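[1] I need the structure of the sequence given here:
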Amino acid sequence: MNNVFTCLCCHPVDDCIATGHMDGKIRLWRNIQKMDYIMSVFHWHSDKVQDLVFSLGGQSLFSVGMEAVLVQWCYGSESERHFLPRLGAPIQHVVSSPCGSLLATSHTDNRGTSTGVLLDPRTKALVLNGRPGCLQFYCLHTDQLIYDLDVVQQEHIFPSNDNQIEVTKADFSCCGSWLATVEQRICSHTLPELRLKFWSFQDKLQSFVLNTSILAPHEDDVIRLCFRPHAAGNFSHMLGTISKDGCFKIWIISADAQDDGAATTWACDFVGSYRGLPPLDCCFAEDGSLFAIAFGSIVTLWDPENWEMRTSLCQPPGNVMHICFGRNSCSNYLLGGSSAGFLHVWNLLSCCLEWSMQLDVGVLVADPSSDVLAAFTSSATHPSGFVFRPSERKPLFVETSVSSTAILSAVFVPRDKPLDVTTASERWLSASRLYFLDFNQELLTLAAESDVKDTPTSKQLVLKENIPATPFSVLLGKHTRHREAHDENAIPSLAPHLSGSLTIEQMLTTPAHVLPPVTDLCGLFLSSLLPPSKDCRKVEEPVGEEEEDDDDEEDIEAHSITNEDTQSQSESKALAAVEDEACDLGVHMDQTEVEEIKRLQTADYSWLNDVSL
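    Here you go, the predicted model:
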């Protein structure tokens, strides 16, 4: 039997120890300090038990595993169980708070993001890896998750021997209308699975929809992908990818789709390499006129119009691991960080080295709203951050220790309106705000002292939270919407009265502990369901100041008395008319018959108009 221990915990009161095992079973060892101990076995987990913890008083035992479910066992009656399912990823650890009111779980997806931190140009939301096979869109203004995009579009099963498909790379087009993703699954028993997907943004759905899926876009792992920027529609959409197979590929929208008006699809337009060297990084210039690729210690510049290599830049020693073009007034500069611990800056007008400094660059990112760049050192502990202009050797800002762990990714988020800064050292923060993610999965930012909390101003920040995450939820959502529409069409006459009833609204909004007995509310509730008569006048209470409330009540009472007098006069005239007509016909009628005829004459028969013959 596979009874290897995986975890254990002690009961806070009783002489009992709970142990978890590789076979998914939990064993309770009672009277453990005596030779005649009692062992009980309980089984729910399909794979090994990852962790166990007792509640503060020992009334409950909590267990977690690869099923992404938190299981609560009632101590003393272990056959009674409660579950908290669909927690997103396999759970590795669980711990209880000192007061016993909270539980904290640690999941397998609590690790470095392979896609890095991206910026959605439409919503200004941060995009990074979420649950396996998904991208999560995180709103900085509201500090909330907007929605998850299911890239893999597969149901997830979490046995220990299964290799999940992961989203490894992603990038947005400059206007946010296209999203490119790379998903990969590495299995020792089969060939690696690699897919490149293109997603188009649908305004009606307010989400990205899969447009093109390409199997095996490269023969090896994709290192980097980036869209070609364009302004005012001068260039068509284009994506560049580099891979460990030594090649770079250019992807464009199919020419057949552009000429014939057919459905838009993406296809490979060009494949290139350079001297058999492995590509390490790539990026487009701000205006899209150049495509830079780092091959070893050489940086090559290519023309996207005909894919001819214009020039090459080299500054040994070491391989160029990171490259980035300058922006705005510094767009004529190209920066490169080498593995030898140097940061080089080339002037593209003269194709010569402008300046160089000793800096072991781990992350290099440019601000799209200004001419500054940010660089973080690759130190695993206490990395430093630098903000500078490519045209100047002296940094604008230096922070010697921005985090206790390595920086994995960084991004500049443009502001809705420029920030009014007072000091010269903070002017680089006026156009954008710098966010960076460290190895502990902590999102950090550099802010000015006068920086205030941003408020959402874009209407696109308000996205639906019920965007389907899986194909099954899409099917379920369509069925639910169809059923709701069918129910609304079945009873159209009750909806206006239910939604507009003041009585029902008061019953639903009043706290339950101050409501009168249900027997007293029954009559009012049934009366509110009846449709109003057409000859009844609806008296509306005018909206005014508090000092006018008494006058409004007196006006309503006077109006009600006037209506009662008018109704009494109408009834008297109707009764007299009936008696006169009976006398003319020579028919003698008693008071009861006259009352009945009068009631029939004044009744409301408008409902007959709705009856279809």
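
[2] Which parts of the chain belong to which domain?
    What automatic domain parsing lists as the domains of the chain is 5-107, 112-216+458-489, 491-531.

[3] Distance to Ala447 added to these, as CSV?
    Quick note: C-beta positions are derived from backbone N, CA and C, even for glycine. Putting the domains of the chain into CSV (distance: least, C-beta to C-beta, whole Å) gives the following:
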stretch, distance to Ala447
domain 5-107, 28
domain 112-216+458-489, 12
domain 491-531, 41
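
[4] Redo those as JSON lines? Include mean neighbour count, distance to Leu280 and mean pLDDT.
    Formatted as JSON lines, these follow (neighbours: other C-beta atoms under 10 Å; distance: least, C-beta to C-beta, whole Å; pLDDT from 0 to 100):
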{"stretch": "domain 5-107", "mean neighbour count": "16", "distance to Leu280": "31", "mean pLDDT": "90"}
{"stretch": "domain 112-216+458-489", "mean neighbour count": "16", "distance to Leu280": "14", "mean pLDDT": "78"}
{"stretch": "domain 491-531", "mean neighbour count": "10", "distance to Leu280": "62", "mean pLDDT": "65"}
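
[5] Ser236 - that's part of a helix, no?
    No - applying DSSP: H, G, I helix; E, B strand; the rest coil, one finds Ser236 to be coil, outside a helix.

[6] what about it, distance to Cys174?
    Ser236 is 12 Å from Cys174, where distance means C-beta to C-beta, to the nearest Å.

[7] Now for these two: what residues contact both?
    His230 (C-beta atoms under 8 Å, 6 or more residues apart in numbering).

[8] residue ranges for the helices of the stretch 251-400 of the chain, please.
    255-260 (DSSP state H, counting those that start in this stretch).

[9] show me where pLDDT drops low in it?
    Within the stretch 251-400 of the chain, the ranges that satisfy pLDDT under 70 run 255-262.

[10] Would you mind giving both backbone torsions of Leu429?
    phi -90, psi 0 (degrees, to the nearest 10).

[11] name the element the closest residue to it other than its chain neighbours belongs to?
    Distances taken as C-beta to C-beta, 6 or more residues apart in numbering put Ala448 closest to Leu429, at 4.7 Å, once the chain neighbours are dropped. For Ala448, there is no host helix or strand (DSSP states H and E).

[12] and Ala448, what does it touch?
    Ala448 neighbours (C-beta under 8 Å, 6+ apart): Leu419, Val421, Thr423, Glu426, Leu429.

[13] How about the first one: what's its closest non-neighbour residue?
    It stands for Leu419. For Leu419, the spatially nearest residue (C-beta to C-beta, 6+ apart) is Ser430, at 4.8 Å.

[14] Tell me the pLDDT of that neighbour.
    You'll see Ser430 listed with a pLDDT of 86.

[15] can you pull out the helices in this structure?
    255-260, 471-490, 495-500, 502-509, 518-529, 549-585, 591-602 (DSSP state H).

[16] Using PDB, write out every CA atom in the fourth one.
    Written as PDB, here are the backbone C-alpha positions of helix 502-509 (Å, rounded to 0.1, in the frame of the first residue of the first chain):
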ATOM      1  CA  LEU A 502     -44.300  50.700  -3.800                       C
ATOM      2  CA  THR A 503     -45.700  48.100  -1.400                       C
ATOM      3  CA  ILE A 504     -43.500  45.300  -2.700                       C
ATOM      4  CA  GLU A 505     -40.500  47.600  -2.700                       C
ATOM      5  CA  GLN A 506     -41.000  48.500   0.900                       C
ATOM      6  CA  MET A 507     -41.400  44.900   1.900                       C
ATOM      7  CA  LEU A 508     -38.200  43.900   0.200                       C
ATOM      8  CA  THR A 509     -36.100  46.800   1.500                       C
END
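
[17] got a list of contacts for it?
    In contact with helix 502-509 (C-beta under 8 Å, 6+ apart) are residues Leu498, Leu515, Leu521, Leu524, Phe525, Ser527, Ser528.

[18] and the angle for it with helix 518-529?
    Angle of helix 502-509 versus helix 518-529, following axes from the mean of the first three to the mean of the last three C-alpha atoms, to 10 degrees, is 140 degrees.

[19] Pairing partners for the nearest residue to Phe397 once chain neighbours are set aside in the sheet, please.
    Spatially, and ignoring its direct neighbours in sequence, Phe397 is nearest to Val387 (4.0 Å; C-beta to C-beta, 6+ apart). On the basis of DSSP bridges, Val387 is bridged to Ala374, Phe397.

[20] isn't Val387 right up against Ala374?
    Yes - using C-beta atoms under 8 Å, Val387 is in contact with Ala374, at 5.2 Å.
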